[in-house]
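**Q** Here you go, sequence then predicted model.
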2 protein chains.
Amino acid sequence: MGRWEPDSRRRLQEAALALYAERGYDQATAAEIAARAGVTERTFFRHFADKREVLFGGSAVLKEHIVSAVAAAPRGATPLEAVSLGLAAAAALLGEQSRELSAQRQAVIVATPELRERELAKLADYAAAVAAALHGRGVTEPQASLAAEAGMTVLRVALERWASGADRRDLGKVVEGSMADLRGVTSTG
Amino acid sequence: MGRWEPDSRRRLQEAALALYAERGYDQATAAEIAARAGVTERTFFRHFADKREVLFGGSAVLKEHIVSAVAAAPRGATPLEAVSLGLAAAAALLGEQSRELSAQRQAVIVATPELRERELAKLADYAAAVAAALHGRGVTEPQASLAAEAGMTVLRVALERWASGADRRDLGKVVEGSMADLRGVTSTG
DNA sequence: ACGGTAATGACAGTTACTGACATCACCGTA
DNA sequence: TACGGTGATGTCAGTAACTGTCATTACCGT
């Protein structure tokens, strides 16, 4: 550890979310965020590749949880059932944080095109990893990619409904409901 | 029209694709693209919001085609059937261009994270418009969003398979096949 | 001939991001 | 206890994406 205040990474994340929420993403400079966190701008970019990434600091952990759950699904599970288990794991992890904080983060993302782009890219990254996990379960292309992509779509739709308050249930329940809706759409349509 | 060489927009698009393909996206500066097109850097940014957008110049037209086809689907069509008609329209439009040019463009996009992000954002934008068109057909949420998102996923997966040469059939056929795969995955899984 | 207009050029300025080097506390070890 | 290695940070210069503003110029209708 360094000799300065510890947790600079966490402080940067909190400062960024606060500033983005206060005055908007593009009105907040990296230098300002760093100053609020008590470090220099250079340190900001040592911890995060760019201004967007600071809001997605936990994505690697989330990805690992999802992939592990998919890989650990019972042998008999169908591809989409395995994906559903991954989504449940994601919901459990995301549900740990306060709904209020998640809602603030999601509000900033929804309000900022650049951040929405990044969120989509993260989900696409998860989808690729899930597809690889499905390959490991013997699922072939393009079924693996389609199941993974469909699952991430379900997660995103559910997350939006949950964070916006449109659905008051627990995130896990919202995810389950959205997955059921997807099945309904694709089986009858 | 202006008094200089016309078609500056098209020239910029061609110059950008060529330079991105030659030396990579981040090794090509906006100034270089503009110079090759015979204009100044400022003109580049008058035609395109940023360095990425120059590869997505036809997206508004494509979006219109998709939405129109969805809206014009027969009354009895299910949501996913309507979306399928939109995908067919997209495939028809994209199939007009030479497969070689499309493949070059797709190769650049696949090789560049920033461009992949933008492509995902474009597809998400199409999905939102398609969902709105489905609303106009009486489809409610979340079925409309899920059908639209699933459709755009199918389009993306099919486009990758087609442009990469993994599937030698016409784009329309590849799209149909991917849609059938999605139905298979979600009905049995 | 003339005034309006749309596209472009010219140019200064901000800011995201990078590379290179210096600095400083901590830690193991002699 | 002194000492060298290490990791995180500071400092500073530099590139390039993008923006605002104003001047310029051909075309077009009257």
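**A** Good, I have the coordinates.
**Q** May I see the buried residues of the helix or strand of chain A with the lowest mean pLDDT?
**A** Lowest by mean pLDDT, DSSP states H and E among the helices and strands of chain A is helix A:171-188, with a mean of 87. Of the residues in helix A:171-188, those buried under the neighbour-count criterion (16 or more other C-beta atoms under 10 Å in any protein chain shown) are A:171-172, A:174-179, A:181-186. Quick note: C-beta positions are derived from backbone N, CA and C, even for glycine.
**Q** Please state the backbone phi and psi of the residue nearest the centre of chain A?
**A** In chain A, the centroid-proximal residue (C-alpha atoms, centre = their mean) is A:S59; its distance is 5.8 Å. Taking degrees, to the nearest 10, you get phi -70, psi -30 for the backbone angles of A:S59.
**Q** Also A:S98?
**A** According to degrees, to the nearest 10, the main-chain angles of A:S98 amount to phi -60, psi 140.
**Q** what are the ranges of the strands in chain A?
**A** Along chain A, no segments are classed as strands by DSSP state E.
**Q** if we can go back for a sec, give me the subset of the buried residues of helix A:171-188 that also touch chain B.
**A** The overlap between those and the neighbourhood of chain B (criterion: C-beta under 8 Å from any C-beta of the partner chain) consists of A:178, A:181-186.
**Q** Looking at the buried residues of helix A:171-188, spot the one nearest DNA strand C.
**A** Of all those, the one sitting nearest DNA strand C is A:L171; the distance, using C-beta to the nearest atom of the strand, is 29.5 Å.
**Q** returning to what we had before: tabulate the buried residues of helix A:171-188 (JSON lines), appending distance to B:E14.
**A** Rendered in JSON lines, the data for the buried residues of helix A:171-188 read as follows (distance: C-beta to C-beta, whole Å):
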{"residue": "A:L171", "distance to B:E14": "47"}
{"residue": "A:G172", "distance to B:E14": "50"}
{"residue": "A:V174", "distance to B:E14": "46"}
{"residue": "A:V175", "distance to B:E14": "45"}
{"residue": "A:E176", "distance to B:E14": "49"}
{"residue": "A:G177", "distance to B:E14": "48"}
{"residue": "A:S178", "distance to B:E14": "43"}
{"residue": "A:M179", "distance to B:E14": "44"}
{"residue": "A:D181", "distance to B:E14": "44"}
{"residue": "A:L182", "distance to B:E14": "41"}
{"residue": "A:R183", "distance to B:E14": "45"}
{"residue": "A:G184", "distance to B:E14": "46"}
{"residue": "A:V185", "distance to B:E14": "40"}
{"residue": "A:T186", "distance to B:E14": "40"}
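**Q** okay, among those, which ones form the most distant pair?
**A** Spatial extent of the buried residues of helix A:171-188 (C-beta to C-beta) is set by the pair A:L171 and A:T186 at 22.7 Å.
**Q** Give me the angle between the least confident helix or strand of chain A and helix B:171-188.
**A** With axes from the mean of the first three to the mean of the last three C-alpha atoms, to 10 degrees defining the directions, helix A:171-188 sits at 120 degrees from helix B:171-188.
**Q** helices or strands next to helix A:171-188 in the packing?
**A** If contacts are counted by 3 or more C-beta pairs under 8 Å, 6 or more residues apart in numbering or on different chains; DSSP states H and E, helix A:171-188 sits against helix A:79-96, helix A:143-163, helix B:79-96, helix B:143-164, helix B:171-188.
**Q** which residues sit against it?
**A** Counting by C-beta atoms under 8 Å, 6 or more residues apart in numbering or on different chains, the neighbours of helix A:171-188 from elsewhere in the structure are A:80, A:84, A:87-88, A:90-92, A:94-95, A:150-151, A:153-155, A:157-159, A:161-162, A:167, A:169, B:78-80, B:142-143, B:146-147, B:150, B:182-183, B:186-187.
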